[in-house]
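Student: Okay, sequence plus prediction incoming.
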Amino acid sequence: MTRNIPTGTAGEDAAIQVEASDEVLMARIAAGDEQAFSQLVTRHADRFLGLAQRMLGNRDEAQDALQDAFSRLWLKASQFDPKAARFTTWFYRVVTNGCLDRLRKPRPLALAEDWDTADDSASADEIMEKRQHGDAVRAALKTLPERQRLALSLCYFDELSNQEAAEIMKISIKALESILVRGRRALRSHFMKGRH
Amino acid sequence: MTQERFEQIVSAYGADMRRWPSAERADAAAFLAQNETLDVVAKAQTLDHFLDSETPCAPASPDFLQSLMAIPRKTRTDILQDGRYGGFAAQPAGWQTAFKNRPRMAIYAPSTAFVVAMIMGLWFGASNWVGTPETVDLTPYLMGSDIAFYEDSEE
């Protein structure tokens, strides 16, 4: 819950905003609070857009997947049980399931990727070089089976703990490690092929 | 920490110890300090360097954020306009669909049909009434006189 804590300084209207936890916001969303929903969107859109983009390899499709995921969040907020899982774990599951569904649907044609560079201050050469490297990584990730891509996205790029990643993927930590090893091995051989 | 487990950790999570399982991080770091020239670490570092060159995903645009924030409003409009609820059809099935826009009819029509059927049943039953079974004389059938009747008529 967002609370306004008075500073105690005379004449100052400024108040320190204590941010509500995700779980509190979810309870408010379940009661139909649109402001809480907006807060949650602002807080997590970038992170989950990155995951969807890495999984689907396409910005537009990632945005569609995220739109679906947040629609589901709004409609199913009452089903979220904070005792069973953290909000991020629950929502990672919603987003990854949506991405996996999309990957399994037949796609008529692969659309051009639209990845932007995050650093606008970089020079054109730097941007080009970054793009080339970034494209190589994304191309390599695309060659992986979806579960290996997901495991690497969660553990490497999103830096989740192995326990949380295993929970999201509904597998044991041992199985997660085995998927990660296979994924990294495949990426390495892809990377080595590209160098020769 | 055995060498086998250490190699498993590095092969799965990479050479950066921040990504190693928290429960085993200290032991694995101590093991690495004693065995810095392990081939598995060098291999993992090369791949990590390659993965780290991935361009970070651009943040969500203000327009896209606005479209996400509009989801509650859009969902409400969907329900009011065409009975859709966030992309999922929320239409009643069967005979209810026919009376979707006339809820009072959904109650009155089946009740009226039931009453009419009951009246017609009573009317049909009354008009074909032939009396109770007690008024029919069953004696000839029970006594076998019908056989005698056929025998008489043959003569």
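Tutor: Noted; the coordinates are in hand. Residues are numbered from 1 along each chain as shown, chains lettered A, B, ... in the order given.

Student: Which residue ranges make up the domains of the chain?
Tutor: Because you didn't say which chain, this covers chain A. Using automatic domain parsing, the domain ranges for chain A come out as A:15-106, A:122-196.

Student: should've been chain B
Tutor: B:3-52, B:95-127.

Student: out of these, nearest to chain A?
Tutor: Ranking the domains of chain B by their distance to chain A (criterion: Cβ to the nearest Cβ) puts domain B:3-52 first, at 4.0 Å. C-beta here means a position set from N, CA and C on the backbone, and glycine is covered the same way.

Student: just to revisit the earlier point, Serialize the domains of chain A to CSV and add fields for mean neighbour count and distance to B:Gln45.
Tutor: What follows is the domains of chain A, written out as CSV (neighbours: other Cβ atoms under 10 Å in any protein chain shown; distance: least, Cβ to Cβ, whole Å):
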stretch, mean neighbour count, distance to B:Gln45
domain A:15-106, 18, 22
domain A:122-196, 17, 11
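
Student: By mean pLDDT, show me the worst of these.
Tutor: Least confidently modelled of those is domain A:122-196, at a mean of 83 by mean pLDDT.

Student: Single out the most deeply packed of the domains of chain B.
Tutor: Mean neighbours per residue, mean count of other Cβ atoms under 10 Å in any protein chain shown, is largest over those for domain B:3-52, with a mean of 16.

Student: coming back round to it: among the domains of chain B, which gets the worst mean confidence?
Tutor: Of all those, the segment with the smallest mean pLDDT is domain B:95-127, scoring a mean of 75.

Student: can you put the domains of chain B in a markdown table and add distance to A:Thr42?
Tutor: Shown next, in a markdown table, are the domains of chain B (distance: least, Cβ to Cβ, whole Å):
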| stretch | distance to A:Thr42 |
| --- | --- |
| domain B:3-52 | 27 |
| domain B:95-127 | 38 |
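
Student: Among those domains, which comes closest to A:Ala151?
Tutor: Closest to A:Ala151 of the domains of chain B, according to Cβ to Cβ: domain B:3-52, at 9.0 Å.

Student: now the helices: where do they sit in chain A?
Tutor: Listed from the start of the chain, chain A has helices (DSSP state H) covering A:22-30, A:34-56, A:59-76, A:87-104, A:124-142, A:146-152, A:162-169, A:173-195.

Student: Redo the ones you listed as CSV? Include distance to chain B.
Tutor: Formatted as CSV, the entries for those read as follows, by distance: least, Cβ to the nearest Cβ, whole Å:
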stretch, distance to chain B
helix A:22-30, 9
helix A:34-56, 4
helix A:59-76, 5
helix A:87-104, 12
helix A:124-142, 3
helix A:146-152, 8
helix A:162-169, 5
helix A:173-195, 4
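
Student: quick one on the thing from earlier: can you redo the domains of chain B as JSON lines with distance to chain A?
Tutor: As requested, these are arranged in JSON lines below (distance: least, Cβ to the nearest Cβ, whole Å):
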{"stretch": "domain B:3-52", "distance to chain A": "4"}
{"stretch": "domain B:95-127", "distance to chain A": "21"}
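
Student: For the helices of chain A, could you give me TSV that also reports distance to B:Ala12?
Tutor: Supplementary listing: the helices of chain A in TSV, determined by distance: least, Cβ to Cβ, whole Å:
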stretch	distance to B:Ala12
helix A:22-30	28
helix A:34-56	18
helix A:59-76	26
helix A:87-104	19
helix A:124-142	17
helix A:146-152	9
helix A:162-169	8
helix A:173-195	4
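
Student: B:Met118 is nearest to which of these?
Tutor: Between the helices of chain A, helix A:59-76 lies closest to B:Met118; by Cβ to Cβ that is 44.3 Å.

Student: and the direction of that closest one versus that of helix A:34-56, what angle?
Tutor: For helix A:59-76 against helix A:34-56, the angle between stretch directions is 140 degrees (axes from the mean of the first three to the mean of the last three Cα atoms, to 10 degrees).

Student: Report the distance from helix A:59-76 to the chain centre.
Tutor: Using Cα atoms, centre = their mean, to the nearest Å, the distance from the centre of helix A:59-76 to the centre of the chain it belongs to is 11 Å.

Student: just checking, what packs against that helix?
Tutor: Helices and strands touching helix A:59-76, as assessed by 3 or more Cβ pairs under 8 Å, 6 or more residues apart in numbering or on different chains; DSSP states H and E, comprise helix A:34-56, helix A:87-104, helix B:62-69, helix B:71-82.

Student: how about the ones you listed, which one is nearest A:Ser161?
Tutor: If we rank these by Cβ to Cβ, the stretch that ends up nearest is helix A:87-104, at 10.4 Å.

Student: I am finished for the moment; much appreciated.
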